[in-house]
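**Q** Below are the sequence and a predicted model; questions follow.
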There are 2 protein chains.
Amino acid sequence: MVPAARRGRPRAEGADEKILGAALELLLERGYDRFSVDEAAATAGVAKTTLYRRWPTKDHLIVAVVARMQDEVPVRYSGDVRADLTRYLNAIVHGLDRVRRAGRPAGSGDASAGLVAEVAAAAARHADVGAAVHAMFARRNAVVLALLQEARSQGELRPDLDPEVLFDQLAGALYYRLLVTGRPLDGAYVGRLVSTALEGAAR
Amino acid sequence: MVPAARRGRPRAEGADEKILGAALELLLERGYDRFSVDEAAATAGVAKTTLYRRWPTKDHLIVAVVARMQDEVPVRYSGDVRADLTRYLNAIVHGLDRVRRAGRPAGSGDASAGLVAEVAAAAARHADVGAAVHAMFARRNAVVLALLQEARSQGELRPDLDPEVLFDQLAGALYYRLLVTGRPLDGAYVGRLVSTALEGAAR
DNA sequence: TTAGTTTCGCTACGGCCGTTTCGTAAAGGA
DNA sequence: TCCTTTACGAAACGGCCGTAGCGAAACTAA
């Protein structure tokens, strides 16, 4: 489907890519707060107005960059939910580790926690960014929710289980631990988390 | 314990209170992003330098305001963990609702989600703010963790349960739902959450 | 060709954050 | 009393975000 020929001067070809590439580099190097829109435009070799025509705020740009670097984690039901969930959550932890290792060296805290928190804050600041962030996570998590439904229909999970609630518990615990408690997020924690969620706390 | 008499001119008595009060009012009225330090100082009737001598950044000030309005939720083990946890989580939800209702009317999304996300972002931006935020939550959650240990020793919870993991699941799910999925946070969700966490997902 | 539309780069601006400077005020110590 | 120390208000500043205005460029439509 070729886009309908529009009226005036066409947008500079490849400008979007140049901007997103420069922005990604600067974002990983400096983190959200030390990231400057002026510098991103300059690094991309583009006027600031050209950037702002595409992304109306710094928040919009950052979320676009983050959405772009989201790698999908391929997951399929293997017959062992515990193993599948453990693998998926470990992939999230590993992705956060990559951001952390790429982050700024200064003692400004955890780069991965910072990025997650800033994306959440951007989602709360602008309604359209919020919609984009919610869609980004929904898309990313859809495969896992389907996996949980499959495991439930296979009898490995309780028939009355709400997969969304279970997933909120798992992913939520990861981000809560990362952002609120400041305690380490590693494979051992993922293992304890999956066990507790699957086997339950009662009795 | 009287503070040791310090050398120079003493700090203006009551200035801290005036600033925190004005800041709280402005924060609830406008939200983090539309909150201006200059305006907070002017409203408090204080020079900006006086404010910055006490809180070196806007983030420090906001976190101090939030820490101040944290009301502790009194919880004791009643012999029914499900009821106790439900009450506690509903208190959190209710507290977020209060912030939401006090929030700005403009379509800038959810005021409570915004405040939570901004506090998390502030914690990630400055190491000392992070320590304060972690301590604030640890203090707030300590009673619940003690409650869980009590319930475990009373045989209502699994003897091998890690209370921290269980609590991460519960609180994390709330904030994850609020910030990431954008879906409603109400009593019905709290009920489903507690049930799933206590009874487990397996079988 | 001509007119109209949209984008481009460039520049300047207002608002806010955080810092700095300056003169003054209020305390303790000699 | 005089000196030192710390806090105060007022003002100015640089950096960054986001907006506005300008002339030029690139395209469509007539």
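**A** Yep, that arrived.

**Q** A:Asn141 versus A:Val73, what's the distance?
**A** Applying C-beta to C-beta, to the nearest Å, the value for A:Val73 to A:Asn141 is 10 Å. Every residue, glycine included, has its C-beta placed from N, CA and C.

**Q** need the strands for chain A, in chain order.
**A** Applying DSSP state E to chain A gives no strands.

**Q** Those residues of it touching DNA strand D, which are they?
**A** A:5-10, A:35-39, A:48-49, A:52, A:56-59 (C-beta under 7 Å from any atom of the strand).

**Q** Please repeat the previous calculation with a cut-off of 10 Å.
**A** A:4-13, A:26, A:30, A:32-41, A:47-53, A:55-62, A:122, A:125-126 (C-beta under 10 Å from any atom of the strand).

**Q** In ChimeraX, how would I select the buried members of these?
**A** Typed into ChimeraX, the next command selects the buried ones out of these (criterion: 16 or more other C-beta atoms under 10 Å in any protein chain shown):
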select /A:26,30,32,35,37,40,41,50,51,55,58,59,60,61,62,122,125,126
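
**Q** More neighbours: which of A:Val73 and A:Asn141?
**A** A:Asn141 (20 against 17; other C-beta atoms under 10 Å in any protein chain shown).

**Q** Pull up the gap between the residue nearest to that one when sequence neighbours are not counted and DNA strand C, please.
**A** Nearest residue to A:Asn141, sequence neighbours excluded (C-beta to C-beta, 6 or more residues apart in numbering or on different chains): A:Phe167, at 6.3 Å. Distance, A:Phe167 to DNA strand C, using C-beta to the nearest atom of the strand, to the nearest Å: 36 Å.

**Q** Local confidence estimate at A:Phe167?
**A** pLDDT, A:Phe167: 98.

**Q** returning to what we had before: contacts with chain B among the residues of chain A next to DNA strand D, please.
**A** A:32-33, A:125-126 (C-beta under 8 Å from any C-beta of the partner chain).

**Q** Phi, psi for the residue of chain A found nearest DNA strand C please.
**A** Nearest to DNA strand C in chain A, going by C-beta to the nearest atom of the strand, is A:Gly8, at a distance of 1.9 Å. As for A:Gly8, its main-chain torsions (degrees, to the nearest 10) stand at phi -70, psi -150.

**Q** roughly how far is stretch A:160-177 from the heart of the chain?
**A** On the basis of C-alpha atoms, centre = their mean, to the nearest Å, stretch A:160-177 sits 16 Å off its chain's mean C-alpha point.

**Q** buried sites along it?
**A** A:161-177.

**Q** Can you tell me what sits against it?
**A** For stretch A:160-177, the external contacting residues (C-beta atoms under 8 Å, 6 or more residues apart in numbering or on different chains) are A:85, A:89, A:92-93, A:116, A:141, A:144-145, A:148-149, A:152, A:157, A:183, A:185, A:189-190, A:193-194, A:197, B:165, B:168-177, B:180-181, B:189, B:192-193, B:196-197, B:201.

**Q** In helices, which of those residues appear?
**A** A:85, A:89, A:92-93, A:116, A:141, A:144-145, A:148-149, A:152, A:189-190, A:193-194, A:197, B:165, B:168-176, B:189, B:192-193, B:196-197 (DSSP state H).

**Q** Flag every residue of chain A that's near DNA strand C.
**A** Counting by C-beta under 10 Å from any atom of the strand, chain A sits next to DNA strand C at A:6-16, A:18-19, A:33, A:38, A:41-42, A:44-54.

**Q** Excluding chain neighbours, what is closest to A:Asp59?
**A** Nearest to A:Asp59 is A:Ala122, by C-beta to C-beta, 6+ apart, at 3.7 Å.

**Q** contacting residues for the one you found?
**A** A:Ala122 neighbours (C-beta under 8 Å, 6+ apart): A:59-60, A:62-63, A:129, A:133.

**Q** Throw these into JSON lines and include pLDDT, thanks.
**A** Listed next are those as JSON lines, based on pLDDT from 0 to 100:
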{"residue": "A:Asp59", "pLDDT": "98"}
{"residue": "A:His60", "pLDDT": "98"}
{"residue": "A:Ile62", "pLDDT": "98"}
{"residue": "A:Val63", "pLDDT": "98"}
{"residue": "A:Val129", "pLDDT": "98"}
{"residue": "A:Val133", "pLDDT": "98"}
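
**Q** now, which of those sits nearest A:Gly103?
**A** A:Ile62 (14.4 Å; C-beta to C-beta).

**Q** before we move on, the earlier item: among the ones next to chain B among the residues of chain A next to DNA strand D, which one sits closest to A:Ala111?
**A** Checking these one by one against A:Ala111 (C-beta to C-beta), the nearest turns out to be A:Tyr32, at 9.3 Å.
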